[in-house]
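Enquirer: Provided below are the primary sequence and the corresponding predicted coordinates.
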Amino acid sequence: MRDKTKRAQEGQVRSWKRPVIALVAFLVIAIVYFWLFLADDFRSSGDQPDSGIAKSEAQYAASRQLFAVTEVNIRDRPTTEDSVILGKLPRGSAVTGTLKMGMDGTSSWFELADGKGYIADINLSETQPPTIAKELGNKIWITDQATDIWTQPDPAGGLLDRVKAGTSLTLFGLTANNYVEVKISKGGVGYLADGAGILARLGGKPMTISFNPQSCSFGNELDAEFAKIGARLRAQWTELESREFADEAARDKAYASVEGKSTYVKLQRSFEGLSITAIAQHYEAQSVYFADPPAKVIDVFRRKGFAIGRDGTLPSTDLYAAITPTRGEGAAYGKTDLGCGV
């Protein structure tokens, strides 16, 4: 009797548990479905600011005045493909017109108010570009560290991009407030802070030259580079001396191929605004090469306190030291040779 009563009670428990379990399962499924498929719609359907599309439509409808941030092309159609360049607009020129969607459906173009062409919107700005105090001739600079590119020559203008070390940037000019204007690969321009510091690093990562014409030491960094060359040359001679040759003629030929030859190593470093391009180990002398002309190199070393003659020579007791134009093989590595040796 007790067994029957117990079974009846268990059946009653199961009978009310089933709908409860089913209801819980349904609620869980409904909640998951809501968050996966419906939540975004609910979040975006409330009182929100005007959408980007609405803003863009307003911008495209309004006539405005903009300024060319670089020399720009005026084209007959709003596209770079299969369009004709009607003319060029100088940097800083003001133009009036309206924004139009490009023929590719994604780019933005500025239709001139006189109906005489289109300019890529990326090359225009609402503010006139700054005055360039020093033109840099589109010089290429390889960044030596992570670098911020600003929309204006002022951090308040906003960050345009952040590039990593090793990025190539095209430098247009130095502004009066010490920013470097750079050309952006996709169009338009940006600005780098600490322009003077960047110009000092144009040749690469800065290094120190502590030149001693009495010993031909160039300072710790360059002396270490020359030591590497010396180690490679010693290893080369050791290998030659241990090599078996068919005869003396073969040995003489092998030795002649390296004996008295200069060894060149390219560098990309900077020193006081000068660009170091290479070093060389000669038979009894060493050279440091610069991309800059001799007059500029001499001027920098004179400002560092070196007494340099009109012919570029530096006073030395037993050695020869001079800053001269490159010649021979060295001409392929730069314009100026800071040489020292016997």
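Expert: Received, thanks.

Enquirer: in the longest strand seen in the chain, what counts as buried?
Expert: What stands out as the longest strand in the chain, according to DSSP state E, is strand 132-142. By neighbour count on 16 or more other Cβ atoms under 10 Å, the buried set for strand 132-142 is 132, 136, 141. Every C-beta, even on glycine, is put in place using the N, C-alpha and C of the backbone.

Enquirer: Just send those residues back as CSV, with pLDDT and distance to residue 299 too.
Expert: Written out in CSV, the entries for the buried residues of strand 132-142 read as follows (pLDDT from 0 to 100; distance: Cβ to Cβ, whole Å):
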residue, pLDDT, distance to residue 299
132, 91, 24
136, 89, 19
141, 86, 22
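
Enquirer: closest to residue 197 among those?
Expert: Taking Cβ to Cβ as the measure, residue 197 lies nearest residue 141 of those, at 11.8 Å.

Enquirer: There's contact between that closest one and residue 200 in this structure, I believe.
Expert: No. Under the criterion of Cβ atoms under 8 Å, residue 141 lies out of contact with residue 200, with a separation of 11.4 Å.

Enquirer: Residue ranges in the stretch 101-250 of the chain under the pLDDT threshold?
Expert: Across the stretch 101-250 of the chain, the ranges flagged by pLDDT under 70 are 203.

Enquirer: Where do the helices of it begin and end?
Expert: Counting by DSSP state H, counting those that start in this stretch, residue ranges of the helices within the stretch 101-250 of the chain are 195-200, 220-242, 248-256.

Enquirer: just those helices: most buried one?
Expert: Across those, the average number of neighbours (mean count of other Cβ atoms under 10 Å) peaks for helix 195-200, which reaches a mean of 17.

Enquirer: As PDB, could you dump the C-alpha coordinates of that one?
Expert: What follows is the C-alpha trace of helix 195-200 in PDB, where atoms were taken according to Å, rounded to 0.1, in the frame of the first residue of the first chain:
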ATOM      1  CA  GLY A 195      59.700  69.200 -37.200                       C
ATOM      2  CA  ALA A 196      63.300  70.300 -36.300                       C
ATOM      3  CA  GLY A 197      63.900  67.000 -34.500                       C
ATOM      4  CA  ILE A 198      62.700  65.000 -37.500                       C
ATOM      5  CA  LEU A 199      64.900  67.000 -39.900                       C
ATOM      6  CA  ALA A 200      67.900  66.100 -37.700                       C
END
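
Enquirer: Give me the residues contacting that helix.
Expert: 136, 141, 171, 174-175, 178-180, 192, 206, 270, 272-273 (Cβ atoms under 8 Å, 6 or more residues apart in numbering).

Enquirer: Buried among the residues you listed? Make that a ChimeraX selection.
Expert: Here the buried members of the contacts of helix 195-200 are turned into a ChimeraX selection, burial being counted by 16+ other Cβ under 10 Å:
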select :136,141,171,174,175,178,179,180,192,270
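
Enquirer: Show the contacting residues for the closest residue to residue 116 other than its chain neighbours.
Expert: Beyond its immediate neighbours in the sequence, the residue positioned closest to residue 116 (Cβ to Cβ, 6 or more residues apart in numbering) is residue 86, lying 6.9 Å away. Contacts here follow Cβ under 8 Å, 6+ apart; on that basis residue 86 touches 74-76, 116-117.

Enquirer: Residue 86: which element?
Expert: Assigned by DSSP states H and E, residue 86 falls within strand 85-89.

Enquirer: which of the residues in that strand are buried?
Expert: Of the residues in strand 85-89, those scored as buried under the neighbour-count criterion (16+ other Cβ under 10 Å) are residue 89.

Enquirer: What mean pLDDT does it get?
Expert: Throughout strand 85-89, pLDDT has a mean value of 93.

Enquirer: Using CSV, list the CA coordinates for it.
Expert: This file holds the C-alpha atoms of strand 85-89, laid out as CSV (Å, rounded to 0.1, in the frame of the first residue of the first chain):
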residue,chain,number,x,y,z
ILE,A,85,42.9,66.4,-66.3
LEU,A,86,41.6,69.8,-67.2
GLY,A,87,44.1,71.7,-65.1
LYS,A,88,45.9,72.0,-61.7
LEU,A,89,45.0,74.0,-58.6
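
Enquirer: Strand partners (parallel or antiparallel) of it?
Expert: Strand partners for strand 85-89, identified by DSSP bridges, are recorded as strand 72-75 (antiparallel).

Enquirer: which outside residues touch the partner strand?
Expert: For strand 72-75, using Cβ under 8 Å, 6+ apart, the contacting residues are 83-89, 112, 116-120, 123-124.
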